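**Student:** Next come a sequence and a model predicted from it.
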Amino acid sequence: MSARTRSAALRLIALAAAGATLLTLSLVGCGGSGNSTTVPLPPGGVAIGNLVCSNNLPQQTVIAHGQQLVIEFTLTDVNTAVPGRLLPVSFDVVGGTLLTPPTATDGAGHVVVTFIATDFSFVGAARVRLIQPGARLECDASFLIQQPACILRARVLTLADTVVVPEDACGGAAVQIERHLPHKIRYRITRPNPVTQVEEPVPGAFIHVVAQGVLFLDEEIGPTDASGEATLIAVPSPTGVGPITIVAEVVHVDLDGPQGVPDGIDDELPCNTCTIVFQVINPICDANFQPIVASDIDYFTAAGVPRTAPLRPGEYAEVTAYYILDGVPQAFRPVLVDAVDGFVNGSAFPVVVLTGADGHVTVTYTARDGFEGNDTLVFRDNQGTLQCTQSATISVVTCDFTFDFTPDPVAGGQSLLVIQFNSVDPSTLFGESVSLDVQGGFFTTQPPDYTVLNVGGVPTVLATLNITPGFFGPNVLSASFVSGYPCETVSKAFSVSP
């Protein structure tokens, strides 16, 4: 026994001792047989031996550029016919691409893939290789790709002929379109001149189009014009979202008369098919994910007098959002509005309001008592059929104040304290009761509750502070609103001299 074989055997013995389920598989190609080896069982698989693979492709399968090929692989045990169910698989492709390949076999050991010959520069032997990593099993489905007698290409356009996807859209990634916007697919048929091999347009041909998904149609369009073109208008469902797969093939084409001149008889020559996938989404409004501008946020005092930002205790703001789709107001549409912290139309819960005839919706915002900072209002379509999320930021300040001592506080001294509240609606604070607190001293008035005065239009508190003898250094002054005014306690630091 070689050193490598001995090492592998010891590793397998260790796996068995650890309780791992072991799977005996044959390292073979499609439908073949070979030497058996033992590997750990992949999660979700079944313990089978001599795993073999087969596929449903006939011998000498030939397709043209752009055409699809549906391939079904089957994994089974060659001795017991037990299916290789729920085994992980991957794929390697030559000559094109796979359309959303699966990652595991089904409960019967089958796996189905759709191959599209998207590489228009590739001609010759192509393949789709299934790889079962746990068994290191590779299985090829082989076929030929040839240059078609005629070539079908397409580009995707808006109704105004703006190019969304240029040629060649066939076999490309899904094209995202909004549900309310029809799109054009402009097909173009060409063929290599039999003498010069230069591509030239094919007029007079028809294209058979089949669509499935949230749009269903089965029709022929054409005949192609002098440029070899014909146009399909794809109109999505007015309510559905999801994929639309549109497969087109050339029919009634006449190319094979003498010297390539049409002979009046429909040909059976291979022309490629063209597959285009639309992913239909809900419409996106003009302001989706845009912040609501400052000019659409109005601030008012408690008495309804307009003022500027920020929002102060006792005040409110009116916030307006506009629901416009491609320039058209979305009238009488239900909109869900919620605030992260505060209240919308007096409610702590989300509210639903209707847009007006011009598509606007206005709500009233008030802050939670004691809240300070930025709050966010979010507007969303309540029907879930329009992508239109907008947000507004409201800056909220609390009862911050400035203060001044005359003279500066010293140990054992007495100072006149003047407090001014500058961040509130003054009319709401006059006459309210404020309780003061300090460390290392006391106020002459006991308890230290003071009425907010109107001094030159500014809410003001006047108090006398007595500093404890021997106390000096850092100190803290606090103001609390004992009368229920919507502000939390505000504290300020100051220093006492010896």
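**Tutor:** Cool, the structure landed.

**Student:** make it CA atoms for all contacts and neighbour counts henceforth
**Tutor:** Noted.

**Student:** Residue 251: how many residues sit nearby?
**Tutor:** 19 (other Cα atoms under 10 Å).

**Student:** hey, what's it bridged with?
**Tutor:** Counting by DSSP bridges, residue 251 is bridged to residue 206.

**Student:** I figured it was touching residue 209, is that so?
**Tutor:** No: the pair residue 251 / residue 209 is not scored as a contact, 10.1 Å apart, by Cα atoms under 8 Å.

**Student:** who does residue 280 bridge with?
**Tutor:** Under the criterion DSSP bridges, residue 280 forms beta bridges with residue 177, residue 242.

**Student:** so where is the stretch 251-400 of the chain shaky, pLDDT-wise?
**Tutor:** Where the stretch 251-400 of the chain drops to pLDDT under 70, the residues are 254-270.

**Student:** State the distance from residue 209 to residue 412.
**Tutor:** 97 Å (Cα to Cα, to the nearest Å).

**Student:** same thing with residue 357?
**Tutor:** On the measure of Cα to Cα, residue 357 and residue 412 end up 70 Å apart.

**Student:** What of residue 56?
**Tutor:** 101 Å.

**Student:** Of those two, give the one with the bigger neighbour count.
**Tutor:** For the pair residue 56 and residue 412, the greater number of neighbours falls to residue 412 (17 against 12), based on other Cα under 10 Å.

**Student:** Quick check: pLDDT value at that one.
**Tutor:** Note for residue 412: predicted pLDDT of 94.

**Student:** Phi first, then psi, for the residue nearest to it when sequence neighbours are not counted.
**Tutor:** Leaving aside its sequence neighbours, residue 412 sits nearest to residue 469 (Cα to Cα, 6 or more residues apart in numbering; 3.7 Å). When read as degrees, to the nearest 10, the backbone of residue 469 gives phi -60, psi 140.

**Student:** And residue 426, by the same measure?
**Tutor:** Per degrees, to the nearest 10, the backbone of residue 426 is at phi -60, psi -40.

**Student:** do the same with the one 10 residues further on
**Tutor:** For residue 436, the backbone dihedrals (degrees, to the nearest 10) come out as phi -100, psi 150.

**Student:** That one reaches residue 480, doesn't it?
**Tutor:** Yes: counting by Cα under 8 Å, residue 480 is a contact partner of residue 436 at 6.5 Å.

**Student:** More neighbours: those two, which one.
**Tutor:** The residue with more neighbours, out of residue 436 and residue 480, is residue 436; 23 against 19, by other Cα under 10 Å.

**Student:** residues contacting the more buried one?
**Tutor:** Contacts for residue 436 (Cα atoms under 8 Å, 6 or more residues apart in numbering) come out as 448, 449, 450, 477, 478, 479, 480.

**Student:** Tell me how many other residues surround residue 169.
**Tutor:** Neighbours around residue 169, by other Cα under 10 Å: 23.

**Student:** got the buried residues for stretch 274-293?
**Tutor:** 274-289, 292 (16 or more other Cα atoms under 10 Å).

**Student:** Stretch 376-394 too?
**Tutor:** Residues of stretch 376-394 classed as buried by neighbour count (16+ other Cα under 10 Å): 377-382, 386-394.

**Student:** repeat for stretch 61-76
**Tutor:** Within stretch 61-76, the residues scored as buried using 16+ other Cα under 10 Å are 62, 63, 64, 65, 66, 67, 68, 69, 73, 74, 75, 76.

**Student:** Pretty sure the last one sits against residue 83.
**Tutor:** Yes: Residue 76 is within contact range of residue 83, at 4.3 Å (criterion: Cα under 8 Å).

**Student:** Mind listing the shared neighbours of the two?
**Tutor:** Taking Cα under 8 Å, 6+ apart as the criterion, residue 76 and residue 83 both touch residue 109.

**Student:** Can you read off the backbone torsions of residue 61?
**Tutor:** The phi/psi pair for residue 61 (degrees, to the nearest 10) is phi -70, psi 130.
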